[in-house]
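Peer 1: sequence unavailable; structure follows:
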């Protein structure tokens, strides 16, 4: 397996220039899916904090980049939706989201908002001892009680002394606010009005209603990310609805 890939073959969600150079950093195995963006690409191509890979490594070796409460030292580590990225030395904090074209964008947030992270529960398992383990969408696992269900979202603390402690819970249910993270409605935040269970391997259909225009649209369950109960609990500045 190669350590890099051609820019022409890079995922569209990265939204990088295709013809500046021949190759680009390849994402290492880890959090998120195959569309996860390498830290090096984010620092250099998206944000302009570095001019080349050498400067990226200098930033990381000095522990200047914090991802979800932990210093990042790997330039190939993948970042994805709802990751919290902090650069404490310059007092900059960002949340990774998706725009209407399905591309990764960094939304600047304040230091207080960077203390928590929103996570979607992919599934849960029973581990030895009868304990319930929640398996998150981006690869993390944590122990909790059995009140949480697959599809729910939880807000986790990123503070060192309470890291990964659940501080809030948004159930996947009719009436909750959800963000669409893929498909033609990517980036929209709307209220869930119906959940249609489809037998077989086809994903369940979710009907949502836009609060501003009162128009309804549908998407599939894998594209749904619950972001609040009565109102959205996240700032979505910069996203065109």
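Peer 2: Structure's in. What do you need? Predicted model only: the values in this text are computed from it and were never measured. Numbers count the residues shown, from 1 in each chain.
Peer 1: now the closest residue to residue 182 other than its chain neighbours: phi and psi?
Peer 2: Of all residues not flanking residue 182 in the chain, residue 223 sits nearest, at 4.1 Å (CB to CB, 6 or more residues apart in numbering). Glycine gets a C-beta too; all of them are placed from N, C-alpha and C. Phi and psi for residue 223, reported as degrees, to the nearest 10, are phi -90, psi 0.
Peer 1: burial of residue 223, as a residue count?
Peer 2: Around residue 223 sit 19 other residues, with neighbours defined as other CB atoms under 10 Å.
Peer 1: again, but for residue 102
Peer 2: Using other CB under 10 Å, residue 102 has 19 neighbouring residues.
Peer 1: check which helix or strand it maps to.
Peer 2: Following DSSP states H and E, one finds residue 102 outside all helices and strands.
Peer 1: what sits closest to it if chain neighbours are left out?
Peer 2: Excluding its sequence neighbours, the residue lying closest to residue 102 (CB to CB, 6+ apart) is residue 186, at 4.5 Å.
Peer 1: that neighbour and residue 100 touch, don't they?
Peer 2: Yes: at 5.7 Å, residue 186 and residue 100 qualify as touching, with contact defined as CB atoms under 8 Å.
Peer 1: just to revisit the earlier point, now do the contacts for the residue nearest to residue 182.
Peer 2: Residues near residue 223 by CB atoms under 8 Å, 6 or more residues apart in numbering: 180, 181, 182, 183, 185, 186, 206.
Peer 1: and stretch 36-44, how far out from the chain's middle?
Peer 2: Relative to its parent chain, stretch 36-44 has a centroid offset of 14 Å by CA atoms, centre = their mean, to the nearest Å.
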